[in-house]
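Enquirer: build me a structure from this.
(one chain, ligands or ions: 1)
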Amino acid sequence: MSAATASVDLENPTTLLTPKNIFYFLLIPALVLWYAYWKISRRHMVELASKIPGPEGLPLLGSALEFVGTSADIFKRMYAKSFEYGNTVKVWIGPKLLIFLVDPRDVEIILSSHVHIDKASEYRFFQPWLGDGLLISTGQKWRAHRKLIAPTFHLNVLKSFIDLFNANSREVVQKLKKEVGKEFDCHDYMSEATVEILLETAMGVSKKTQDQSGYDYAMAVMKMCDILHLRHTKVWLRPDFIFNLTNYAKKQEGLIGIIHSLTRKVIKRKRADFEKGIRGSTAEVPEELKTKNFDKNVSSKTVVEGLSYGQAAGLKDDLDVDDDVGEKKRMAFLDLMIEASQNGVVINDEEIKEQVDTIMFEGHDTTAAGSSFFLSMMGVHQDIQDKVVQEIDEIFGDSDRPATFADTLEMKYLERCLMETLRMYPPVPIIARQLRQDVKLASGDYTLPAGATIVIGTFKIHRQEDVYPNPDKFDPDNFLPERSANRHYYSFIPFSAGPRSCVGRKYAMLKLKILLSTILRNYRIYSTVEEKDFQLQGDIILKRADGFRIKLEPRKRVLKA
Ligand code: HEM
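Expert: Residues are numbered from 1 along each chain as shown. Predicted coordinates:
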């Protein structure tokens, strides 16, 4: 445009009213109005937040820069910072308000509530993978599906998995043979084993039909978690329109392809079995591993030394229904999903896929981390390993027989070690909820404002000095009945608690006891890394950034394949 034309345009006001100019004339007041509305709508939240201690951060950015670096760095920094303020800390990340809670009385208010059940918005990054499965869904859909799924992890169903837990644990022992004498990362083995066990138990399909896909699946899940973690910590990767332009989005698509191809295959196979009238798992167990040949004394006991499957016996949830009453026939997870979908009312095909993806993820990565930390702890604390081994030897003597349900109730010291592992290294180090209404805290004169994201810091709760004297010391005696008797129930929550507690809690505890005792019946574990040198990485799942490095030596003999 020439200078002459421009001056003519300015002299003629009607030429200013081009559609483009009108758009900008309207946009500016609209933005101003929107900003004013946004400020006013947040006034209540900002006001209540200002009364809660915590860093003020930079204008606009808040404390976003604290989340720069590797995940091991961020985890270390955040944990160190958590000591600078009290038990309730607010942090602004840009316009987002996070409030960290560690006082068990406050945690109880949130977790025991049937109202504060909405997951934080960060869980939406799971959506392309887990859809609207149990972990992230909310409201009526979550309630209906939870009611359907929780009974499929009832103790009566779990007892029917024991033979498969034994058979798979022995396979792990065989696979580990090739690592004897070398330092190696046990996490890959634990991860592959947990995927295979889930396929054969909750999904009821034989892994023999699954070729390489169990291992590929486990590796794809791990890489997916890395991408999701990046989106949690790198603010600029949060908006979908930016993320979708990056290479991570392409990588994510490929990984989800691998993951969904396994879940689709599993559902297809199960549906085919269902149509042929086949119910229950199709995985076979050799006769010598069938516990009915050994378990003469089938116990219905559920509480051992004040503990009930990973939590204080006093902390009841929907998994504890009818535990010790009768032997009502219940169905395993995928059998029940397929049956319930027959009329399409309770659950449809897409929803089954979302639930299968959810159970496969939640059931596998958490348990793989828990078992890998346990083995690391045994390697580091040789004296404690001696005691676990002594208990196991007292139970099994020289016999090769499989572990029965009754045996798992005798593994009291092993259970304490497992609980202590979950205390110091909770596989899910934080839980986050979105508040829809204000909540008054019990620990102090603070009110959590609606709109805030509440972060329950399990890792930090488990290391409170006033609850666990010497909290950084691995001490299984923390779970002696006399020590835990007076402890607040919500001061130990590796499986969360309340209506949205982990549905796989009992499954995980039973499986871990059989898997870990089988490994310890066969191998002595060593660690060349001291506990103080573990580099913790607090991703979605807590891991060791330095790898779960251990060394094995055969104990008396390695079991025959
Ligand atoms: C050591 C092993 C495990 C640990 C430490 C663990 C921990 C947890 C935690 C802390 C939550 C709450 C997460 C949140 O609110 O963000 C959770 C939820 C869940 N877990 Fe686990 N879990 C374990 C094993 C399992 C297993 C074996 C399964 C299934 C076979 C499972 C299935 C689920 C499901 C479906 C949910 C969502 C429940 C709901 O929101 O209603 N978990 N788990």
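Enquirer: just give me the neighbour total for the closest residue to the ligand within the stretch 201-350 of the chain.
Expert: Of all residues in the stretch 201-350 of the chain, the one sitting closest to the ligand is Ala202 (5.4 Å; CB to the nearest ligand atom). From N, CA and C alone the C-beta is placed, and that goes for glycine too. Residues contacting Ala202 under the criterion other CB atoms under 10 Å number 26.
Enquirer: not counting sequence-adjacent ones, nearest residue to it?
Expert: For Ala202, the nearest residue in space outside its immediate sequence neighbours is Phe333; the separation is 4.2 Å by CB to CB, 6 or more residues apart in numbering.
Enquirer: that neighbour contacts Glu200, doesn't it?
Expert: No - under the criterion of CB atoms under 8 Å, Phe333 makes no contact with Glu200, lying 11.9 Å away.
Enquirer: how about the residues of the stretch 1-150 of the chain by the ligand?
Expert: Within the stretch 1-150 of the chain, the positions adjacent to the ligand are 134-135, 146 by CB under 6 Å from any ligand atom.
Enquirer: can you select the buried ones among those residues for me in PyMOL?
Expert: Buried residues within these, by 16 or more other CB atoms under 10 Å, are selected in PyMOL with:
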select buried, resi 134+135+146
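Enquirer: what is the burial count for Val32?
Expert: Burial measure for Val32: 10 neighbouring residues, criterion other CB under 10 Å.
Enquirer: quick check, it in a helix?
Expert: Yes - assignment of Val32 by DSSP: H, G, I helix; E, B strand; the rest coil places it within a helix.
Enquirer: if I look at it, how far off is Thr18?
Expert: Using CB to CB, to the nearest Å, Val32 is found at 22 Å from Thr18.
Enquirer: in the stretch 1-150 of the chain, which spans are strands?
Expert: Under the criterion DSSP state E, counting those that start in this stretch, the stretch 1-150 of the chain carries strands at the ranges 88-93, 96-101.
Enquirer: which one of those lies closest to Met45?
Expert: Using CB to CB as the criterion, the shortest distance between Met45 and these is 6.2 Å, found for strand 96-101.
Enquirer: so what are the sheet partners of the closest one and their directions?
Expert: Applying DSSP bridges to the sheet, strand 96-101 is found paired with strand 88-93 (antiparallel), strand 453-456 (parallel).
Enquirer: pull the residues that contact it.
Expert: Under the contact criterion CB atoms under 8 Å, 6 or more residues apart in numbering, strand 96-101 has outside partners 45, 49, 52, 62, 82, 87-92, 107, 110, 441, 448-449, 451-457, 460.
Enquirer: how far does that strand sit from its chain's centre?
Expert: Averaging C-alpha positions (CA atoms, centre = their mean, to the nearest Å) puts strand 96-101 20 Å from its chain's average.
Enquirer: is it possible to export the strands paired with strand 96-101 to a markdown table including mean neighbour count and mean pLDDT?
Expert: Formatted as a markdown table, the strands paired with strand 96-101 follow (neighbours: other CB atoms under 10 Å; pLDDT from 0 to 100):
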| stretch | mean neighbour count | mean pLDDT |
| --- | --- | --- |
| strand 88-93 | 22 | 92 |
| strand 453-456 | 21 | 95 |
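Enquirer: redo these as a markdown table? Include distance to Ile395.
Expert: Shown next, in a markdown table, are the strands paired with strand 96-101 (distance: least, CB to CB, whole Å):
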| stretch | distance to Ile395 |
| --- | --- |
| strand 88-93 | 45 |
| strand 453-456 | 36 |
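Enquirer: ok, now which ones touch the nearest residue to Glu465 once chain neighbours are set aside?
Expert: Spatial nearest neighbour of Glu465, chain neighbours left out: Pro471 (5.5 Å); criterion: CB to CB, 6+ apart. Neighbour list for Pro471: 462-465 [criterion: CB under 8 Å, 6+ apart].
Enquirer: the closest residue to the ligand within the stretch 451-561 of the chain: neighbour count?
Expert: Among residues of the stretch 451-561 of the chain, the one nearest the ligand by CB to the nearest ligand atom turns out to be Gly504. It sits 2.0 Å away. The tally of other residues near Gly504 (other CB under 10 Å) stands at 24.
Enquirer: Asn522 now?
Expert: Using other CB under 10 Å, the number of residues around Asn522 comes to 22.
Enquirer: for the closest residue to it other than its chain neighbours, give its distance to Pro286.
Expert: Counting by CB to CB, 6+ apart, Val173 is the residue found nearest to Asn522 once chain neighbours are left out, at 4.8 Å. When distances are taken as CB to CB, Val173 and Pro286 turn out to be 14 Å apart.
Enquirer: now do Leu334
Expert: Taken as CB to CB, the spacing of Leu334 relative to Pro286 amounts to 24 Å.
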